[in-house]
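A.B. asks: Below are the sequence and a predicted model; questions follow.
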Amino acid sequence: MLLQRQRLLLIPALLALALAGVSVAAKAWKKDKKIAAAAQMDPHTQALHALQRLTFGPRPGDIEHITAVGLDKWIDQQLHPDHIDDSALDARLASFRTLHMDTREMVENFPPGPVIRAVMEGKKPMPSDPVKRAIYQAQIERIREREERKQETAAANTPAAPASGSNSQPTTNQANDNSTLPASSANDSTVTTAEHSPADDRKAQRREDKLNADLKAEELLDKPADERMKEVLQMSPEEQRALSTSLKGPKGDEFLEGMNPKQKEALLALNNPEQVVGDELMQAKLLRAIYSERQLDEVMTDFWFNHFNVFIGKGADRYLVTSYEREVIRPRALGRFEDLLVATAKSPAMLFYLDNWLSVGPDSDIARGIRRYPNRPHPRRFPPPPNPNQAKGKKRNGGLNENYGRELMELHTLGVNGGYTQQDVTEVARVLTGWTIDQPQKGGGFKYEERMHEPGTKIVLGHKIKDHGEKEGMEVLHILAHHPSTARFISTKLAMRFVSDDPPPALVDRMAQTFLKKNGDIREVLETMLKSPEFWSESTYRAKVKTPLEFVVSSVRATGADVTDALPLARQLNQLGMPLYGMQPPTGYSMKEETWVNSSALLGRMNFSLALMSGKIRGLQVDTNRLLATPPGSTMDSAQALAMLENSLLAGTVSKQTHDAIVSELQNQAAGSSNVKAAVKPAARKNDKPVPPPVTSNVGTVAGLILGSPEFQRR
């Protein structure tokens, strides 16, 4: 309740200040057109600026580290991450087995609904491994339970049929007179005429299973982890499902304690195997962003995933996104753009997401019903399958899909004003027919299917593309990767991420020239940007508003919080409007201030900050003594705490307005406590300026207010 009152008090003070403050730096760009002549940053500010732009936010001690190493050397290390030791992060990720599985393994170990149904129907064998078998059996039980509930609902909504030979419409006497009922029930309201149904038995059984599961979980907590798992595997599928469902919150954490990764995953998969894959991927993304020493590599991986966005909630992509990020995006984040473009175009995740795997040329063999045999000189023609929606006498529609062709040019390469036409979209779609997936339900990889490919010559952006099958697609991707519009579009987006929402044209021009001259080398383009006076101009300092992901991760990094479970952080991002891998349109998440700055969004961030620093977010621990650099048990008033926290969380660069707003907020909170009022009033009369009350217990609140300040919202 106290925390809720604190949040309400923030609305007129810090929230209003944040709404006004987050736009100040961006407006400075519009006023200063001569960026090259602008004042440059001092060395301390340069180090902080580099950390804010090239990482997910500074940690305690990072500025001192850069000062000791040298800024230029630190940047060079970040541009060449292979030489940076990241073994500490690897240890944190070791328990997430799905990160190293190929898609087929994930589908086998954490089966989706179609695979479970195939086992139910005898089309696939039940796994012999006892852990896998338990997962499959639990999901089969889940499907049966769901079908039973549907039948129960349908039966409840179906009116009872009248008895044979009776009149379906009761007479007036029958409808209003109880004389036709047996004497024992005519006047007894406690007796029901409804019969006891099997559905009632099943509901009672489910309630009993849940109660037994709770009791069993409590009983097993006292046993060693291996014995605990052994007993779970000996349960019936119904009991296993009930137990898995009951393992939520702290009780679930306690039950999983001491188990190895495979055992933990199995218990979670008893309830929802698909979710295990997504949860591990999201936790890994957050842990990489928080703890990786290869910060620029993580920032660029996030940038390119957002640029080549794939939505994890679409069918097979629930399993394909893991390998997409691991094998397509991450290894090429600082490489050549063309390599990245080709890898995304051939990725099963992208092919599935934008439906190119289904695209069939109207004049292809499949559309015309032609089958080719290697030992026969001539193809054989078969009639196409009947299509009831097709007008008689017309050729069967081959199913050309333009989704990927359009997004390839509009979002991935040329940009919306890049000089292409609708005809170019259609031609690119024709070129890429036959780029499909080998058995997508089983996690197959890229496959070129000649029989789906549209034959003939195509014209793309004025270039004649001869009939070369799969090579046509490679030729078009090469043209797009080296097009001047692509160089400018990619350079603009990079400058928007690292410099400003409205980057200076001169900087974009130089980056685009480097892009074309260096064959799309992303590292070279970044070096051009980092050596520019525009990047280091004072007007760029805190000119960018953080996205929810950047805000949440930078808060954890700034406070030095220890993350033992990253899923609660992922849920916080859902509430802040940026679910991980959850952008359904192919545009990806916006990098611009206007998307993320409004009173509701900033209030949500303030709530997160206060919850983080008050220990309300499960799976995170913040050591306030470490933040204040004080030994446990020592006392410190709010004035001292505020000064130290402003220095540690904001590097001492806080405006007077923000400082005074926090002081005022602390006074408002203290005004409700009689033992504090006396200490506040004399100080206020003596100095005639806001003075925070001498309270030690609100250090977390002070830190939360600073994290919610306009200065921390920007980078």
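C.D. replies: Now that the structure is in, tell me what you want to look at.

A.B. asks: now the helices for the stretch 201-350 of the chain?
C.D. replies: 225-233, 237-246, 249-256, 261-269, 273-291, 295-307, 317-323, 337-346, 348-353 (DSSP state H, counting those that start in this stretch).

A.B. asks: meant to ask about the stretch 401-550 of the chain
C.D. replies: Under the criterion DSSP H, counting those that start in this stretch, the stretch 401-550 of the chain carries helices at the ranges 403-407, 422-431, 470-481, 484-498, 505-517, 522-530, 548-559.

A.B. asks: and of the ones you listed, who's closest to D85?
C.D. replies: helix 548-559 (18.3 Å; Cβ to Cβ). Bear in mind the C-beta positions are built from the backbone N, C-alpha and C, glycine included.

A.B. asks: what's in contact with that closest one?
C.D. replies: 55-60, 286, 289-290, 302, 546, 563, 569, 572-573, 576-578, 580, 596, 601, 605, 608-609, 612-613, 620, 622, 627, 648-649, 703, 707, 712-713, 715 (Cβ atoms under 8 Å, 6 or more residues apart in numbering).

A.B. asks: From those, which land in strands?
C.D. replies: Of the contacts of helix 548-559, the ones assigned to strands by DSSP state E are 563, 620.

A.B. asks: Give the buried residues for stretch 565-576.
C.D. replies: For stretch 565-576, burial by neighbour count (16 or more other Cβ atoms under 10 Å) applies to 566, 569-570, 572-573, 576.

A.B. asks: Can you name the residues that contact L645?
C.D. replies: 627-628, 699, 702-703, 706.

A.B. asks: Save the helices of the stretch 201-350 of the chain as JSON lines, and put in mean neighbour count and mean pLDDT too.
C.D. replies: Converted to JSON lines, the helices of the stretch 201-350 of the chain look like this (neighbours: other Cβ atoms under 10 Å; pLDDT from 0 to 100):
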{"stretch": "helix 225-233", "mean neighbour count": "16", "mean pLDDT": "87"}
{"stretch": "helix 237-246", "mean neighbour count": "22", "mean pLDDT": "78"}
{"stretch": "helix 249-256", "mean neighbour count": "14", "mean pLDDT": "76"}
{"stretch": "helix 261-269", "mean neighbour count": "21", "mean pLDDT": "89"}
{"stretch": "helix 273-291", "mean neighbour count": "22", "mean pLDDT": "97"}
{"stretch": "helix 295-307", "mean neighbour count": "22", "mean pLDDT": "98"}
{"stretch": "helix 317-323", "mean neighbour count": "24", "mean pLDDT": "96"}
{"stretch": "helix 337-346", "mean neighbour count": "21", "mean pLDDT": "98"}
{"stretch": "helix 348-353", "mean neighbour count": "26", "mean pLDDT": "97"}
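
A.B. asks: Including distance to D42, could these go into a markdown table?
C.D. replies: As requested, the helices of the stretch 201-350 of the chain are exported to a markdown table (distance: least, Cβ to Cβ, whole Å):
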| stretch | distance to D42 |
| --- | --- |
| helix 225-233 | 54 |
| helix 237-246 | 57 |
| helix 249-256 | 46 |
| helix 261-269 | 47 |
| helix 273-291 | 28 |
| helix 295-307 | 22 |
| helix 317-323 | 43 |
| helix 337-346 | 35 |
| helix 348-353 | 45 |
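
A.B. asks: Relative to P112, which of the ones you listed is closest?
C.D. replies: Per Cβ to Cβ, nearest to P112 of these: helix 273-291, 5.7 Å.

A.B. asks: name the helices or strands packed onto that closest one?
C.D. replies: helix 87-93, helix 261-269, helix 295-307, helix 317-323, helix 548-559, strand 562-563, helix 567-575 (3 or more Cβ pairs under 8 Å, 6 or more residues apart in numbering; DSSP states H and E).

A.B. asks: a markdown table for the ones you listed, including distance to H100?
C.D. replies: Below are those laid out as a markdown table (distance: least, Cβ to Cβ, whole Å):
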| stretch | distance to H100 |
| --- | --- |
| helix 87-93 | 9 |
| helix 261-269 | 11 |
| helix 295-307 | 17 |
| helix 317-323 | 9 |
| helix 548-559 | 23 |
| strand 562-563 | 21 |
| helix 567-575 | 20 |
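
A.B. asks: Nearest approach to T67 belongs to which of these?
C.D. replies: helix 295-307 (16.9 Å).

A.B. asks: And for the closest one, what's in contact with it?
C.D. replies: 54-56, 78-79, 81, 285, 288-289, 292, 325, 329-330, 332-334, 340, 411-412, 493-494, 497, 522, 549, 581, 583, 588-589.

A.B. asks: Quick one, which of the helices and strands packed on helix 273-291 gets closest to D438.
C.D. replies: Here helix 317-323 is closest among the helices and strands packed on helix 273-291 (Cβ to Cβ), at 12.6 Å.
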